[in-house]
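In: Build me a model from this:
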Amino acid sequence: MNSNTLTRLDGGKVRALVVDDEESITQLVSMALRYEGWDVQTASTGQEALEKMRTFAPDVAVLDIMLPDYDGMQLLSRIRSDGDMCPVLFLTALDSIEDRVNGLTAGGDDYVVKPFSLEELIARLRGLVRRSQVTLAERPDPVLRVGDLTLNEDSYDVMRGGASVVVTNTEFELLRYLMRNPGRVLSKAQILDRVWAYDFTGKSTVVELYISYLRKKIDAGREPMLHTVRGAGYMLKPVV
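Out: Predicted coordinates:
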C-alpha cells in the first residue's frame with residue numbers, strides 16, 4: 001500500500017467507481033487506484049454504472065464519455081438527478097474546447113483526454129476526493145456568511161436570500177474560497193492553485209467558466225455579488 005494513502009474522513013478506504021467499456025483501461029486504472037489503497041469497482045455500461053453508484057456509493061467516479069448505452073454526459077445527468085453529488089472526472093478521446101465545456105457544464109468536476117498519463121489521472125482524482133471532504137477541524141459554526149449568501153461547510157448547503165442554490169463540488173469549493181476572502185481580489189492563478197490544486201497552465205479559462213456558472217446560480221435575478229476586476233481577478237462582496 002502507498003505510504004501516502006488517502007482515506008475517508010471516517011478512516012475507511014476511499015471508494016472509486018471506474019466506468020469505461022474498454023477493459024484494458026478499467027483494469028489499468030483500477031490497479032493503480034488499488035495500489036493507492038482505494039476500494040475500486042468498475043462498470044462497462046451506463047446502466048451498470050447507475051446501479052453501482054446507488055449500491056457502492058463511491059467517493060469519486062471516472063466516467064468515459066463514450067459508452068455503449070449512454071452518452072457519459074447523459075449518464076452524469078441521471079446521477080445528478082438522483083441527488084448524488086459524487087465528484088466526477090470524465091475520460092474522453094474528444095479534445096475540442098466545446099467537448100470539454102459540455103462535460104463541465106453537465107456537472108462534471110474535471111476531465112482527462114485519452115491517451116492520458118496515469119500519474120496525472122491519479123493526482124487529479126486525489127485532488128477531487130480531498131476537495132469533496134470537509135477537511136477543516138470542527139468549529140462552533142460551520143456556516144460562512146457574506147451578505148445574504150450562506151455556505152455550510154458540514155452539509156454543503158448553499159443559500160442566497162433564503163433560497164437554496166444547488167452547486168457541484170468544484171463550484172462549492174470555488175465559492176467557499178471566495179467567501180473566505182470577501183472583498184478581496186483573487187487572481188486566476190490563486191484560484192487555480194487553491195481550487196484545482198494542480199497545474200492548469202494554459203487553461204486558466206476554466207476559472208472564467210466556473211465563475212460564469214456561479215454567477216448564473218448566485219446572482220441570477222439579484223444584485224450581483226460576484227465581480228470581475230479587470231486585469232486582476234475576481235471578488236465576492238455583499239450587496240450594500
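
In: drop to CA atoms for contacts and neighbour counts, all remaining ones
Out: Will do.

In: residue boundaries of the helices in this protein?
Out: Per DSSP state H, the chain carries helices over the ranges 23-35, 46-56, 72-81, 97-105, 118-132, 169-180, 188-191, 205-214.

In: mind putting those helices in JSON lines, mean neighbour count included?
Out: Formatted as JSON lines, the helices of the chain follow (neighbours: other CA atoms under 10 Å):
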{"stretch": "helix 23-35", "mean neighbour count": "16"}
{"stretch": "helix 46-56", "mean neighbour count": "16"}
{"stretch": "helix 72-81", "mean neighbour count": "18"}
{"stretch": "helix 97-105", "mean neighbour count": "16"}
{"stretch": "helix 118-132", "mean neighbour count": "17"}
{"stretch": "helix 169-180", "mean neighbour count": "20"}
{"stretch": "helix 188-191", "mean neighbour count": "16"}
{"stretch": "helix 205-214", "mean neighbour count": "16"}
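
In: who wins for proximity to K13 among the ones you listed?
Out: Of all these, helix 23-35 sits nearest to K13, with 9.9 Å by CA to CA.

In: Which strands or helices does that closest one pack on?
Out: With contacts taken as 3 or more CA pairs under 8 Å, 6 or more residues apart in numbering; DSSP states H and E, helix 23-35 sits against strand 15-19, strand 39-43, helix 118-132.

In: Let's have those in a markdown table, adding mean pLDDT.
Out: Converted to a markdown table, the helices and strands packed on helix 23-35 look like this (pLDDT from 0 to 100):
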| stretch | mean pLDDT |
| --- | --- |
| strand 15-19 | 95 |
| strand 39-43 | 95 |
| helix 118-132 | 88 |
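
In: is it possible to export those to a markdown table including distance to R230?
Out: Formatted as a markdown table, those follow (distance: least, CA to CA, whole Å):
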| stretch | distance to R230 |
| --- | --- |
| strand 15-19 | 40 |
| strand 39-43 | 44 |
| helix 118-132 | 28 |
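
In: D219: which of the ones you listed is closest?
Out: That would be helix 118-132 among the helices and strands packed on helix 23-35, by CA to CA, at 23.7 Å.

In: From the rest of the structure, what touches that closest one?
Out: 6, 29, 32-33, 59-60, 87, 89, 109-110, 112, 169-170, 173, 195-198 (CA atoms under 8 Å, 6 or more residues apart in numbering).

In: still on that earlier bit, out of the helices and strands packed on helix 23-35, flag the one nearest R184.
Out: Among the helices and strands packed on helix 23-35, helix 118-132 comes nearest to R184, with 21.8 Å by CA to CA.

In: what angle do the closest one and strand 15-19 make?
Out: If you take axes from the mean of the first three to the mean of the last three CA atoms, to 10 degrees, helix 118-132 sits at 130 degrees to strand 15-19.

In: What angle do helix 169-180 and helix 118-132 make with each other?
Out: Using the same axes, to 10 degrees, helix 118-132 lies at 50 degrees relative to helix 169-180.

In: How far away from the center of its chain is helix 118-132?
Out: Mean-position distance between helix 118-132 and its chain equals 10 Å (CA atoms, centre = their mean, to the nearest Å).

In: What of stretch 184-197?
Out: On CA atoms, centre = their mean, the centre of stretch 184-197 falls 15 Å from the chain's centre.
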